[in-house]
Structure formats: structure tokens, C-alpha cells
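Engineer: I need the structure of the sequence given here:
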Amino acid sequence: MKSLKFPSPFTVLYIIIIISAIATWLMPAGSYDTLTYDADSSSFVIQSTAGNKTLPGTQRTLDSLQLQIELEKFQAGKLRRPVSVPGTYQEVEASPQGIKAIINAPIKGIYDSIDIILFVLIIGGFIGVFAHSGAMDKGVNALSNTMKGREKWLIVSVTTLIAIGGTTFGMQEETIAFYPILVPIFIAAGYDLMVPVAAVYGGSCVGLMGALINPFSTIIASDAAGVSWTVGMTSRIVMLVIGLIVIILFVVRYAERVKKDPTKSVLYGKDIKNPFAAKEIAVSSEKLSWSTRLLLVLFGFTFIIMIYGVSAMGWWFEEMTALFLVAAVVLGLIQRSGENAFIQAFIGGAKDLLGVALIIGVARGITIVMNDGQISGTVLEGASSMVGGISGALFLPVLMIVFFVLAFFISSSSGLALVSMPIMGALGNVVGVPAEEIVNAYLFGFGLMMFVTPGGIILPSLSMTNVPYNAWLKFIWPLMAILAVIGMAILIVGNLM
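Structural biologist: Next up is the predicted model:
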């Protein structure tokens with residue numbers, strides 16, 4: 001009798017969609033009133049089950065609603081999405097999600113995340129065009145020769161760079177672009193497929209936990225909590241530095257153990273194929289030609305432009321997708337491979353990432369089912385009630401756990417910040433906890449959940465590398481436990497200072 005095989009990412013996500021739909025039948029539906037700013041009339045609009053209500057766009061209005069947010073944040077357009085109003089939760093008419101909703105959820109999710117899906121497909125085409133030139137194989141070979149005996153520094157450098165991206169501009173979806181490049185390099189170094197996922201995806205999660213200036217989490221959460229994002233920076237720096245050291249030591253220890261004895265790998269005996277095996281070539285001391293060097297420089301420069309554009313110029317998926325499309329065309333022109341060969345290479349590369357792109361859409365279906373079933377507000381109300389009766393030194397560690405759980409249901413950093421921060425901030429005022437520490441508890445809890453939540457980017461990342469989800473959970477839980485303890489300790493000390 002064959003042993004049971006862990007289901008694919010698609011099956012895992014569909015099971016969660018079904019469970020979410022069932023929850024809409026079992027849990028009471030409820031919602032908070034939300035507030036948005038109408039710049040044309042300089043007024044606030046309160047949206048509730050009783051209808052919309054317009055209020056003066058003044059600081060007095062915000063204070064009367066117990067929203068510790070500066071009016072300037074709305075006027076400057078920094079808070080454009082609806083913000084939850086504390087103390088306004090109420091049950092509403094149930095909207096249970098049935099079979100039709102379950103069937104439509106992945107389709108709606110694909111529509112809703114088409115920007116990310118297109119970005120992934122264009123990246124696949126870009127990688128396909130580059131791989132067609134043979135420059136990737138030769139570059140990996142040259143790097144393997146250069147790093148021989150110093151392979152562990154690949155882990156150190158990659159994890160550090162990705163964490164910097166996470167802490168500055170929330171790099172996570174963008175990490176999908178790096179696996180086709182880095183997997184062959186790590187495999188050539190003698191490591192297993194788990195190592196590149198741990199270095200790349202793990203690095204991004206640590207960056208999210210210690211997000212210093214991430215505009216999609218730190219700045220939005222700070223604005224929603226009514227505090228400057230520069231306050232509380234010390235705790236985030238400590239989390240980033242200690243977290244980065246811990247994950248590097250954790251991954252290096254595992255990688256070196258696997259390199260010495262492949263049977264120590266959590267993937268050993270699972271018959272997992274390297275998805276980029278076709279890119280592996282025999283080790284050679286052949287020097288790189290000028291044309292290969294040019295292609296490698298252009299390839300790497302594309303990612304530098306992407307990082308600069310997102311972090312400094314406000315780029316998002318439209319601009320990033322256009323960048324990789326233009327870069328693919330430029331690489332094709334330099335190769336002089338001809339129109340047919342270019343199209344085939346581009347479509348072939350996009351086809352390789354089609355499964356990853358669809359997983360992103362299906363994952364979005366989970367949120368759609370919960371929102372349509374109107375239980376997201378109920379989950380938030382239950383979480384706030386849980387932490388509301390706690391005070392003293394336990395408040396922040398428990399709040400971090402609450403944010404950890406909430407991030408499973410709301411896997412958008414900005415979305416979770418805007419719906420939860422005004423409510424949790426009001427609770428913090430009651431127990432005398434500084435608003436900046438509420439923000440830090442949110443960052444630590446959210447970043448920690450991103451290691452494993454199916455609604456995030458972990459399943460697409462694992463699909464890219466053929467790593468099973470259960471193997472990832474087995475590998476990552478000790479690291480998560482360590483980071484959780486570190487996060488709680490930092491919150492306790494930060495509250496006492």
C-alpha cells in the first residue's frame with residue numbers, strides 16, 4: 001500500500017476555500033463602519049449597514065470617532081482605502097457562501113489578482129528568453145567555480161539582500177523572479193531545493209518582521225495608529241538584525257549538513273525533481289565571452305532597475321511588468337535569435353510559470369469568500385475581544401499572536417493594517433501601551449505568519465521549486481518558534497523602555 005501523498009498547492013487552497021465557505025454558515029456575519037476621505041468635498045464618508053453618512057473633514061471628527069490619525073494623512077492621500085472605526089462592530093444579515101461561491105472563488109481570485117499573475121507570466125517569458133541564450137548556464141558555472149569552498153556565503157549574501165528588500169519596500173511577490181536564477185546556483189553548490197526557498201522567501205519574511213520603512217506595512221500601520229513611522233524604529237532594527245542572524249545560522253547549518261550527508265535533507269527520498277535541471281551544465285573552466293558577459297550584466301541590471309523603481313519611484317506591478325517585457329525584447333535583439341525563436345522561448349518561459357500564476361489567483365479566492373460571507377469583521381471583533389481583557393506585560397506578546405492569526409485570514413499587509421490598527425490602537429490606549437509598540441506587534445505577527453500562510457506567496461514559491469508544503473512546514477517551524485520568542489522579548493523590553 002502506497003503511503004498517502006500530501007496534496008498539491010491547488011488542492012490545499014481549495015480545501016481552505018471550502019472551509020472558509022463553511023465558516024460563513026457557522027459564524028455570525030458582522031462588520032465595522034469604515035471611514036474614507038473625499039478629497040473633492042474635503043469631507044469624511046462613513047459607510048455602515050445603515051447607509052452612508054458625510055461628516056466634516058476635520059481633526060475633531062477623527063477624534064470623536066476615536067481614530068488617533070492625523071488629518072494630514074488623509075489629505076495627502078496616504079490613507080486611501082477604508083479605515084475601520086473602533087467600537088462600531090455589529091452583526092449583519094448572514095451571507096453564507098454556497099457551492100456556486102466555492103466554484104467561482106478561484107475565478108474571481110484570478111480576476112482580482114490579474115496584475116500579479118501577468119507580472120509572473122512576463123517574468124517567465126523574460127527568464128525563458130535569457131535561458132535560450134545559454135548565458136544563464138555559463139554564468140552559473142562561472143559563479144560555482146568562483147564560490148567553490150565558499151558556498152555558504154551565497155546563503156549569507158542572498159538572504160541579506162532579500163531581507164533588505166523586505167524591510168525597505170516589502171519585497172515578497174517580487175522574489176518569485178529570483179528562483180530560476182538562484183536554484184541552479186544553490187544546486188551546483190551541493191545544496192537541496194529547500195535552501196534557495198529558505199534563503200529567498202525566508203529572507204523576505206524576516207525583512208517584513210523587521211520592516212523599517214516598508215510603505216505597505218510600517219508606514220500605513222503607523223499612519224493608521226496615529227504615530228510617526230520613525231517612532232519605535234529601535235525595536236524593528238533589533239528584530240531585523242537578530243532575525244537575520246538567526247535565519248542565516250539556521251539555513252547555513254541545515255545546508256552544510258545536507259551537503260555532507262544528503263540523507264539529512266527533509267526532501268530525501270521524496271523523488272522531487274529539480275524544476276530547473278535543464279539549465280544544469282557540466283563544470284567547465286571556460287572563460288565567459290564578451291557577449292555572455294553583456295547578457296549577464298543586462299539581466300542583473302533589470303533587477304536593479306526593478307528594485308530602484310519600486311523603492312524610490314513608486315513603481316508597482318504595471319511598471320515592473322513593462323520593465324521585464326522590454327528587457328526580454330532587448331535580450332532577444334542582442335541574441336539575434338530571430339522572431340520565431342524569441343516567441344517560442346518567451347512563451348515557453350511563461351508556460352513554466354503558468355501553474356505558479358494560477359496558484360496566486362486561487363489563493364486570493366480565500367479572501368473573496370470571507371469578504372463576501374462578511375465574516376472578516378467577525379474574526380477581527382473576536383480577536384480584539386480576546387486581547388481586550390489583557391493588560392500589563394502580557395498585552396503585547398498576546399497581541400502579536402493575535403496579529404499572527406489575523407494575518408492568516410487577511411494576508412495583505414496594508415489591508416490588515418487599515419482594518420485592525422485603529423481598533424487595536426484604541427485598545428492600546430486603554431491599557432497604556434504606546435501606539436508604536438502596537439505597530440511593532442503587528443509587524444512581528446504578520447511577518448511571522450507569512451512564512452506559512454497559504455494565502456500568501458509561500459505556495460507559489462514552493463511550486464516554483466517543487467518543494468512540498470508539508471516538507472516546508474517541517475523545516476520551518478523550529479525557526480518560526482525561535483523568531484516568535486525573539487519578537488515577544490523585543491516587544492516586552494520595548495514597552496518597558
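
Engineer: grab the most central residue of the chain for me.
Structural biologist: Closest to where the C-alpha atoms of the chain average out (C-alpha atoms, centre = their mean) is Gln172, at 4.2 Å.

Engineer: all helices of the stretch 301-450 of the chain, in order?
Structural biologist: 317-335, 339-352, 354-372, 376-388, 395-409, 413-431, 435-449 (DSSP state H, counting those that start in this stretch).

Engineer: any idea which of these is most buried?
Structural biologist: Mean neighbour count, computed with mean count of other C-beta atoms under 10 Å, is highest for helix 435-449 among the helices of the stretch 301-450 of the chain, reaching a mean of 28. Quick note: C-beta positions are derived from backbone N, CA and C, even for glycine.

Engineer: tilt between that helix and helix 413-431?
Structural biologist: Angle of helix 435-449 versus helix 413-431, following axes from the mean of the first three to the mean of the last three C-alpha atoms, to 10 degrees, is 140 degrees.

Engineer: give me the helices and strands touching helix 435-449, please.
Structural biologist: Under the contact criterion of 3 or more C-beta pairs under 8 Å, 6 or more residues apart in numbering; DSSP states H and E, helix 435-449 touches helix 194-209, helix 220-225, helix 233-260, helix 395-409, helix 413-431, helix 469-496.

Engineer: export those to CSV and tack on distance to Ala363 and mean pLDDT?
Structural biologist: Converted to CSV, these look like this (distance: least, C-beta to C-beta, whole Å; pLDDT from 0 to 100):
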stretch, distance to Ala363, mean pLDDT
helix 194-209, 15, 95
helix 220-225, 21, 85
helix 233-260, 24, 95
helix 395-409, 12, 91
helix 413-431, 14, 82
helix 469-496, 12, 94
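
Engineer: figure out which of those helices is closest to Asn340.
Structural biologist: Of all the helices and strands packed on helix 435-449, helix 194-209 sits nearest to Asn340, with 32.6 Å by C-beta to C-beta.

Engineer: kindly export that closest one (C-alpha atoms) in PDB.
Structural biologist: Written as PDB, here are the backbone C-alpha positions of helix 194-209 (Å, rounded to 0.1, in the frame of the first residue of the first chain):
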ATOM      1  CA  MET A 194      14.900  23.700   0.300                       C
ATOM      2  CA  VAL A 195      17.900  26.000   0.700                       C
ATOM      3  CA  PRO A 196      17.000  28.600  -2.000                       C
ATOM      4  CA  VAL A 197      13.400  28.800  -0.800                       C
ATOM      5  CA  ALA A 198      14.700  29.300   2.800                       C
ATOM      6  CA  ALA A 199      17.200  31.900   1.800                       C
ATOM      7  CA  VAL A 200      14.900  33.800  -0.600                       C
ATOM      8  CA  TYR A 201      11.400  33.500   0.900                       C
ATOM      9  CA  GLY A 202      12.700  33.300   4.500                       C
ATOM     10  CA  GLY A 203      14.800  36.300   4.000                       C
ATOM     11  CA  SER A 204      11.800  38.300   2.700                       C
ATOM     12  CA  CYS A 205       9.700  37.300   5.800                       C
ATOM     13  CA  VAL A 206      12.400  38.400   8.200                       C
ATOM     14  CA  GLY A 207      12.500  41.700   6.300                       C
ATOM     15  CA  LEU A 208       8.700  42.000   6.800                       C
ATOM     16  CA  MET A 209       9.100  41.300  10.600                       C
END
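
Engineer: is it true that the residue nearest to the centre of the chain touches Thr453?
Structural biologist: No - taking C-beta atoms under 8 Å as the definition, Gln172 is not a contact partner of Thr453, at 11.4 Å.

Engineer: list the residues that contact both of these two?
Structural biologist: Counting by C-beta atoms under 8 Å, 6 or more residues apart in numbering, Gln172 and Thr453 have no common neighbour.
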